[in-house]
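Q: heads up, no residue letters with this:
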């Protein structure tokens, strides 16, 4: 192996976990994947790179975030288009759908859990390399509206199985502010949305100033802020909007669509979905429902799961593919739970049992015990050396392995197993011993 | 979403799979991970990038393979060291061990399943982006030799659970050729090994010529070729080497070490490990046991799983970390099995059941059925539209979903479920119906 010539230091924005923390992250990944698969989303993995031209797309300042790649030797650079690492999973998914449209069955439901890269300035909870877990449904030409209710409810099911505590999925529909703004005579819908999107960060005063600067009247500003202050976990948001006295057909469409999503939430996951008319997701190209997710008590972390509906996820000029999707910021979520709430796993290895080795001649006997345990799904390892038992127990203890197995320790030559937490040691047979369910896999530990 | 401006085309060397193929790949990943965890390897994931200086290391022509990365906007390029994408999982693991040595418990067993990138010329079964699945054991100062026997036997267990057919893991020990070459007076051990490493590709004639050119005598060449021709699935390779009459203490060490590995194989996985004295892994920095793996009948694919022992996986100048590891070339293996042996999955979605929708007013009833099935681990989806049943059945059929559920179809208003393969339709209750075990998950299909 190469002798290192550079200092060994972390690289800002490229986080890594210790083994117990990675076991925690894997627990999250497993639960999320299981829920996605239970809901019939097909797994997909796209290449890490796209042509830079495609990554730049029409997205305003996306170019600031992209990492380009190139061969250091570079002798074939003239042959390939310039490539960059993807910065989300939506752009590559859209490209994949276009590329494979003839081989996919629509509506196409897929999940995708992969690393993405953004050259942003790293800060707490914001990384340059991180994992996203996305689901999307895409169809040809038209997309049924019931999918817009389904997305956040799949997330609600996943989150309810994870140690994240209470959470709220805030839902809005772009057509509500759009219709409302048009109804009060503000025609720069996107510009207004971008300003309103900053409400949570800068507060109503500065937002009001920015709106005035953009040409809005005092009365329009008051109406915009009144709309953005409406939130309800039931359908009462509709009356609250109506009370503002604004009329526009797009507003009606938006209120109907949001009512359908909130109704489904009331039925299937009461208390989880909240209609929040301040949610705008200003910089994204959503055209209908939009989602953000907050952990209760940790709202300052920002949204840990966001998404929305696109009328045109992808298009090849002839056919348009509308879609709706939602994306969990997995790395962000896990790192915040580890650093802010002290979550970790109960041990630093999958092994539930350490099989002790009496002497090196007995290693094969210990290996047979391990093999018998594994054949029944019990993860274990054989002690690395025939040290005295105190040292072998310490080996298990350092890693959080709950059980140490002693071949031949019982009267009559049978085996014994010790729970090193309680000290209890009992006769046991590797062909029949059952590991307590709670110890079979590392569990999540909250301080 | 952005309107694509570039052509949608595959990028050579960056493979992607269709959903059914990705389900096959996930089956491989799940089995491999399960076996690694049963053997007590802890999961690890390292960042995708390393400083270029570290990637270059001392490795001869490694620089030709590396992709550098850089922010397209580039306004902070002066602050960071030049970064590149890792080309294997060993270099980052060695760096991780040095960086976290104080927080790890040694001997440290880890598995790592990640993408790696190499800027090589793409060709069949050789990619620029691919997934490797590695296990390594690393210790401080000294590494017990029994780990060298363990590595290939973990792989044997994983492969025996995968649809790869018969396979052979070829094992050698670098000390055998090293001691042998020194014993016959060839002192350029590495140079000789690199030539011998080409045997399988170019044959004994050209290898002999190259050895002569490098200064070996006719008699030395015959001895080298005789050694490289020795293979046995039992311990008879020792006598075969002895019969060549060469004496060297390093040769004795190597024969003892290889005998220990082959003996463990005979005991635990008869017929799988083969002592093959032609295996050299010429360009790698192994110092003891080396491994390659061939699928029987597909030897032309080359090795699908390779590795070996390093006396110095990592060193910080004061402490040296010896290690032994082995790496499955997962992407290569799956793509060859898909393209050459026609393997795929039985369906293109995890869903085992499609719950039909009688009319849009009945969607909520269908959703409740789906929820009941999911709560018992049965993956399903609700039909996207209340089309006529023939169309809903075709929706399932196109995706390979075996069952369609009809709410309220039974006499008395109960539900029915149809196996669309046999056409059999029976009364069923979502709270109790059990999906046949073989249909619960997509299965592997061989033509």
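A: Right, received. Where do you want to start? Predicted model, so just to flag it, every value in this text is computed and none were measured.

Q: quick check, distance from whichever strand or helix holds residue A:259 to the centre of its chain.
A: Using DSSP states H and E, residue A:259 sits within helix A:249-268. Put simply, helix A:249-268 sits 25 Å off its chain's centre (CA atoms, centre = their mean, to the nearest Å).

Q: for the residue of the stretch 101-250 of chain A found nearest chain B, list the residues it contacts.
A: Using CB to the nearest CB, the single residue of the stretch 101-250 of chain A nearest to chain B is residue A:119, 3.7 Å away. In short, each C-beta sits where N, CA and C put it, glycine included. Contact analysis of residue A:119 by CB atoms under 8 Å, 6 or more residues apart in numbering or on different chains lists A:64, A:65, A:66, A:67, A:128, B:71, B:72, B:73.

Q: okay, who's weakest in these by pLDDT?
A: Among the contacts of residue A:119, residue A:64 carries the weakest pLDDT, at 60.

Q: quick one: list the elements packing against the helix holding residue A:259.
A: Helix A:249-268 is packed against helix A:146-160, strand A:167-173, helix A:175-183, helix A:237-242, strand A:273-276, strand A:289-295, helix B:363-375, with contacts defined by 3 or more CB pairs under 8 Å, 6 or more residues apart in numbering or on different chains; DSSP states H and E.

Q: PyMOL command for the buried members of the contacts of residue A:119?
A: In PyMOL, a selection of the buried entries from those looks like this (16 or more other CB atoms under 10 Å in any protein chain shown):
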select buried, (chain A and resi 65+66+67+128) or (chain B and resi 71+72)
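
Q: enumerate every residue touching residue A:297.
A: Contacts here follow CB under 8 Å, 6+ apart; on that basis residue A:297 touches A:165, A:166.

Q: for it, pull up the helix or strand it's in.
A: Using DSSP H and E, no helix or strand contains residue A:297.

Q: can you give me the pLDDT of it?
A: 95.

Q: phi, psi of it?
A: phi 90, psi -10 (degrees, to the nearest 10).

Q: residues touching the residue most central in space within chain A, list them.
A: By CA atoms, centre = their mean, chain A has its centre lying nearest to residue A:328, at 2.5 Å. Residue A:328 is in contact with A:32, A:132, A:133, A:134, A:155, A:158, A:304, A:305, counting by CB under 8 Å, 6+ apart.

Q: mind checking which of these are in helices?
A: A:32, A:155, A:158 (DSSP state H).

Q: I'd say the second one and residue A:326 touch.
A: Same thing as residue A:155. Yes: counting by CB atoms under 8 Å, residue A:326 is a contact partner of residue A:155 at 5.7 Å.

Q: which residues do the two both contact?
A: A:291, A:305.

Q: more crowded one of those two?
A: The neighbour comparison of residue A:155 against residue A:326 (other CB atoms under 10 Å in any protein chain shown) goes to residue A:155, with 27 against 24.

Q: where does that one land on pLDDT?
A: pLDDT, residue A:155: 98.

Q: and residue A:286, by the same measure?
A: Confidence score, pLDDT, at residue A:286: 89.

Q: can you give me the helices for the stretch 301-447 of chain A?
A: A:330-341, A:363-375, A:389-399, A:437-440 (DSSP state H, counting those that start in this stretch).

Q: list the buried residues in the shortest one.
A: It refers to helix A:437-440. residue A:439.

Q: does chain B sit close to it?
A: No: contact of helix A:437-440 with chain B (CB under 8 Å from any CB of the partner chain) is absent, the minimum separation being 11.0 Å.

Q: who's in contact with that helix?
A: Contacts for helix A:437-440 (CB under 8 Å, 6+ apart): A:352, A:377, A:378, A:379, A:402, A:403.

Q: swap the cut-off to 10 Å and go again
A: A:346-347, A:350, A:352-353, A:377-379, A:401-403, A:419, A:421, A:434 (CB atoms under 10 Å, 6 or more residues apart in numbering or on different chains).

Q: near chain B, which of the residues you listed show up?
A: The subset of the contacts of helix A:437-440 within reach of chain B, by CB under 10 Å from any CB of the partner chain, is A:347, A:350, A:352, A:353, A:377, A:378, A:379, A:401.

Q: ok, so of these, who is nearest chain B?
A: Nearest to chain B, judged by CB to the nearest CB, of those is residue A:350 at 3.8 Å.

Q: which residues touch the residue nearest to that closest one when sequence neighbours are not counted?
A: Among residues not flanking residue A:350 along the chain, residue B:37 sits closest, at 3.8 Å (CB to CB, 6 or more residues apart in numbering or on different chains). By CB under 10 Å, 6+ apart, the residues touching residue B:37 are A:23, A:26, A:349, A:350, A:351, A:374, A:379, A:441, A:442, B:43, B:111.

Q: show me which of those residues is closest to residue A:275.
A: Taking CB to CB as the measure, residue A:275 lies nearest residue A:26 of the contacts of residue B:37, at 34.7 Å.

Q: what separation do you get for that closest one and residue A:10?
A: According to CB to CB, to the nearest Å, residue A:26 and residue A:10 sit 21 Å apart.

Q: between the two, who's got more neighbours?
A: Between residue A:26 and residue A:10, counting by other CB under 10 Å, residue A:26 is the more crowded of the two (20 against 10).
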